[in-house]
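J.: fold the following, please.
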Amino acid sequence: FLKEKLNIVWKDELTKDTALSLLNRPLRVCGMVKNQGEPGGGPFVVDNGSYTDLQICEKSEIELNDEEKRSILESSQFFNPVDLVCFIKDYRGEKFNLVDFVNRERYFISEKTYKGRKLKALEHPGLWNGAMHNWNTLFVEVPLSTFNPVKTVNDLLRDGHREKR
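T.: Prediction:
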């Protein structure tokens, strides 16, 4: 189940206790749309040291100087989640302490503009990257019509933000 459904691959011998601890984590089901070249990141298999699993990575977190990593990003078929369904209770029905699942080291520097001037911004763990660290993750494809991004004020002029008459 860990490998086939959650895409978690443990590198050493998997014990019962380790398997149970990997299963007893918050779960997020991420509705992903086909990649249309929007700015951002997407779903990736991430090496966490003793295991690999599915995570959402922002473009600025990826080493674009590494040819293999850049190639993976450029061939990515899906884009950041547009829908999230979160299960935040354990098997006993008790809420997880979500602060235990934040990776404060997962910050990154992104390029922004302000009044036409380029600047660099330090971004701390966001919703789906560092703030949902070590969550179990499932990706499902959702229709592109569910995706109506607003990265700039001009995005509000897109059809998805207009009232249908």
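J.: need the per-residue pLDDT for residue 137.
T.: pLDDT recorded at residue 137 is 93.
J.: which residue sits closest to it in space, ignoring its chain neighbours?
T.: residue 54 (4.3 Å; CB to CB, 6 or more residues apart in numbering). In short, each C-beta sits where N, CA and C put it, glycine included.
J.: residue nearest the centroid of the chain?
T.: In the chain, the C-alpha nearest the mean C-alpha coordinate belongs to residue 56, at 2.1 Å (CA atoms, centre = their mean).
J.: helices or strands up against the strand or helix carrying it?
T.: Residue 56 belongs to strand 51-57 when assigned by DSSP states H and E. Packed against strand 51-57, as judged by 3 or more CB pairs under 8 Å, 6 or more residues apart in numbering; DSSP states H and E, are the following elements: strand 9-10, strand 42-47, strand 136-141.
J.: wait, which of these is closest to residue 157?
T.: For residue 157, the closest of the helices and strands packed on strand 51-57 is strand 42-47, at 24.7 Å, according to CB to CB.
J.: mind listing the strands the closest one pairs with, and their directions?
T.: Next to strand 42-47 in the sheet, as set by DSSP bridges, lie strand 51-57 (antiparallel).
J.: give me the helix or strand of this protein that scores worst on average pLDDT.
T.: Scoring the helices and strands of the chain by mean pLDDT, DSSP states H and E places strand 108-114 at the bottom, with a mean of 83.
J.: in that one, what's buried?
T.: residue 108 (16 or more other CB atoms under 10 Å).
J.: returning to what we had before: residue 1: which of the helices and strands packed on strand 51-57 is closest?
T.: Evaluated over the helices and strands packed on strand 51-57, closeness to residue 1 peaks at strand 136-141, with 10.4 Å, by CB to CB.
J.: now do the contacts for residue 105.
T.: Residue 105 makes contacts with residue 130, as judged by CB atoms under 8 Å, 6 or more residues apart in numbering.
J.: where does it land in three-state SS?
T.: coil (DSSP: H, G, I helix; E, B strand; the rest coil).
J.: below-threshold pLDDT in this protein: ranges please.
T.: Residue ranges of the chain with pLDDT under 70: 39, 125, 128-129, 149, 151, 159-165.
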